[in-house]
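Peer 1: Give me a 3D structure for the following:
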Amino acid sequence: MSETILAGPSLEAMEAARELVSKVIHVTPMETSNFLAEVVGSPVYLKCENLQRTGSYKIRGAYNRLATLSAEEKARGVVAASAGNHAQGVAFAARELGIKATIFMPIGVALPKLQATKWYGAEVVLRGHTVDEPLRAAAALAAETGAVLIPPFDHPDVVAGQGTLGLEILDQVPDLDTVIVPIGGGGLISGVASAIKQRAQLSGREVRVIGVQAANAAPYPVSLEQGQPVEIAITPTIADGIAVSKPGALNFQIIQHAVDDVVTVDDGETAKALLVLLERAKLVVEPAGAVGVAALLSGKVLGQLGKTVIILSGGNIDPLVMERVISHGLSASERYLKLRIPLPDRPGQLARTAQIVAEANANVVEVLHTRHGSGMHISQVELELHIETRGPEHAELVLAKLRAAGYSPRVDF
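Peer 2: Coordinates of the predicted model:
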């Protein structure tokens, strides 16, 4: 094992962190997934941190950091910035330890995350429209008042706290071969990878650790290629919980030597994974927490996996976002088709297409019929159909029947 891994939290530090955080966390379930096992041909387990207190693993690192503050530091209070899970972890930990907490959050933060952070007792200040502005405001308040700034991932105590999850995984699946972990700034995977690799070294075993980032917010692949943390421009992603533009310095050092591969998944793949977790595992998971399943389903993780654990890192999803993500997932799975069909402008055409769809045992849920559209002849109209199907084969059957009847349907993504 590289000395760089040992430069991060030692096993002793993570065992000490486990003793501390055990006072407040749940030992979350390790569920088997027969569906995913059939997909990859080997056993698959889901580590359900979506069922953790505060709804994510973040409580582990936050509580460990706050619990190790000196009495004088605790008296000064703590400050943090977050759009969600870190905010709730810090707020909860501060309440349990009797520490005043001020949390800066962006103005557009999801209402459930805002309400939960307030409910845990933190003073919440809304600032700016991106996470960068709350981060600057939190740093300024810490400098002005002496409050202790609690970083979301780039600190040894935070990494050691997240490493307790790695120890817990090894307790539940001691003979695992592969662990798949979501990556944002790198706090979770650096802790988990360090714990697992150090334990594996002691037992003479090898365990693969695979990280997964959202394709629209993936600084780790380019950073690992260049050998140093690189800041990138991120674009919108449904996996907002891992949308971080630059790796943490400590996290990068550990990941560089302890993580075997980092892959990316797009939003469509993540939405399909979230839908699979809802339907097959009966688990509510936020998009950032589902990227490991997305990587497995999309074939991004290569090689022989063996006994595999996927960390579901959180379950804090806004119901309104869930509604949109489910719709996106249905479309990505071809169970929801949006078709545009040019038709002759004469009576009976709408009824005829509806009859063809019905005969294919598909269900029309929305219809738009218009004469106004670019590229249409003056004697044409355009029909927009939203159709529920049973999957790719059924969707292709519907399209085939429409084409056989002389129509030219176009799938609109």
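Peer 1: what packs against the strand or helix carrying residue 31?
Peer 2: Assessed by DSSP states H and E, residue 31 sits inside strand 30-32. Applying 3 or more Cβ pairs under 8 Å, 6 or more residues apart in numbering; DSSP states H and E, we find strand 30-32 packed against strand 44-48. For every residue, glycine as well, the C-beta is placed using N, CA and C.
Peer 1: Now the element after the strand it packs on, going C-ward?
Peer 2: Strand 44-48 is succeeded, C-terminally, by helix 58-67 (DSSP H and E).
Peer 1: So for the helix or strand that comes right after that following helix, mean pLDDT?
Peer 2: Downstream of helix 58-67, the next assigned helix or strand under DSSP H and E is helix 71-76. Averaged over helix 71-76, pLDDT sits at 96.
Peer 1: Show me how far helix 71-76 is from its chain's centre.
Peer 2: Offset of helix 71-76 from its chain centre (Cα atoms, centre = their mean, to the nearest Å): 34 Å.
Peer 1: Pull out the CA atoms of that helix and give them to me as PDB.
Peer 2: C-alpha atoms of helix 71-76 as PDB (Å, rounded to 0.1, in the frame of the first residue of the first chain):
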ATOM      1  CA  ALA A  71     -14.000  23.100  24.500                       C
ATOM      2  CA  GLU A  72     -12.800  26.600  23.500                       C
ATOM      3  CA  GLU A  73     -13.600  25.900  19.800                       C
ATOM      4  CA  LYS A  74     -17.100  24.600  20.600                       C
ATOM      5  CA  ALA A  75     -17.800  27.700  22.600                       C
ATOM      6  CA  ARG A  76     -17.000  29.800  19.500                       C
END
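Peer 1: I'd guess residue 387 is in a helix, am I close?
Peer 2: No - counting by DSSP: H, G, I helix; E, B strand; the rest coil, residue 387 is not part of a helix but strand.
Peer 1: Tell me the helices and strands packed up against whichever strand or helix holds residue 272.
Peer 2: Under the criterion of DSSP H and E, residue 272 resides in helix 267-276. For helix 267-276, the packing partners by 3+ Cβ pairs under 8 Å, 6+ apart come out as helix 291-297, helix 319-332.
Peer 1: returning to that earlier point: list the contacts of the strand holding residue 31.
Peer 2: Here strand 30-32 makes contact (Cβ atoms under 8 Å, 6 or more residues apart in numbering) with 43, 44, 45, 46, 47, 48, 169, 172, 173, 281, 283, 309.
Peer 1: partner strands of the host helix or strand of the last one, parallel or antiparallel?
Peer 2: Counting by DSSP H and E, the element that carries residue 309 is strand 308-312. According to DSSP bridges, the neighbouring strands of strand 308-312, each with its direction, are strand 44-48 (parallel), strand 178-182 (parallel).
Peer 1: deepest of those strands, which one?
Peer 2: Neighbour counts (mean count of other Cβ atoms under 10 Å) averaged over each of the strands paired with strand 308-312 peak at strand 178-182, with a mean of 28.
Peer 1: Quick one: residues contacting the residue nearest to residue 271 when sequence neighbours are not counted.
Peer 2: Spatial nearest neighbour of residue 271, chain neighbours left out: residue 329 (3.7 Å); criterion: Cβ to Cβ, 6 or more residues apart in numbering. By Cβ under 8 Å, 6+ apart, the residues touching residue 329 are 271, 272, 273, 274, 275.
Peer 1: Quote the end-to-end distance of stretch 358-368.
Peer 2: One end of stretch 358-368 sits 17 Å from the other (Cα to Cα, to the nearest Å).
Peer 1: Buried residues in it, which are they?
Peer 2: Going by neighbour count (16 or more other Cβ atoms under 10 Å), the buried part of stretch 358-368 is 360, 362.
Peer 1: Equivalent analysis for stretch 322-340, please.
Peer 2: Buried, per 16+ other Cβ under 10 Å, within stretch 322-340: 322, 325-326, 328-337, 339.
Peer 1: Give the closest residue to the residue nearest the centre of the chain in space, chain neighbours not counted.
Peer 2: In the chain, the centroid-proximal residue (Cα atoms, centre = their mean) is residue 288; its distance is 0.8 Å. Once flanking residues are discounted, residue 288 sits nearest to residue 241: 3.1 Å by Cβ to Cβ, 6+ apart.
Peer 1: One more: residue 390?
Peer 2: Nearest one to residue 390, counting by Cβ to Cβ, 6+ apart, is residue 335 at 6.8 Å.
Peer 1: my read: that neighbour touches residue 393, true?
Peer 2: No - applying Cβ atoms under 8 Å, one finds residue 335 not in contact with residue 393, separated by 11.0 Å.
Peer 1: ok, back up a step: return the residues in contact with the residue nearest to residue 390.
Peer 2: 388, 389, 390, 391, 395.
Peer 1: Check residue 179 too.
Peer 2: 166, 169, 192-193, 196, 207-210, 308-311.
Peer 1: ok, now with 10 Å
Peer 2: 45, 47, 165-166, 169-170, 173, 189, 192-193, 196, 207-211, 259-260, 292, 307-311 (Cβ atoms under 10 Å, 6 or more residues apart in numbering).
Peer 1: Whichever of those end up buried, select them in ChimeraX.
Peer 2: With 16+ other Cβ under 10 Å as the criterion, this ChimeraX line picks the buried residues out of those:
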select :45,47,165,166,169,170,173,189,192,193,196,207,208,209,210,211,259,292,307,308,309,310,311
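Peer 1: that older thread, out of the contacts of residue 335, what pair is the most spread apart?
Peer 2: 388 and 391 (10.7 Å; Cβ to Cβ).
Peer 1: In terms of neighbours, single out the busier of the two.
Peer 2: Counted by other Cβ atoms under 10 Å, residue 388 and residue 391 do not tie: residue 388 has more neighbours, with 14 against 10.
Peer 1: Grab the nearest non-local neighbour of that one.
Peer 2: Nearest one to residue 388, counting by Cβ to Cβ, 6+ apart, is residue 363 at 4.4 Å.
Peer 1: Equivalent analysis for residue 405, please.
Peer 2: residue 356 (5.5 Å).
Peer 1: same question, residue 294
Peer 2: residue 273 (3.8 Å).
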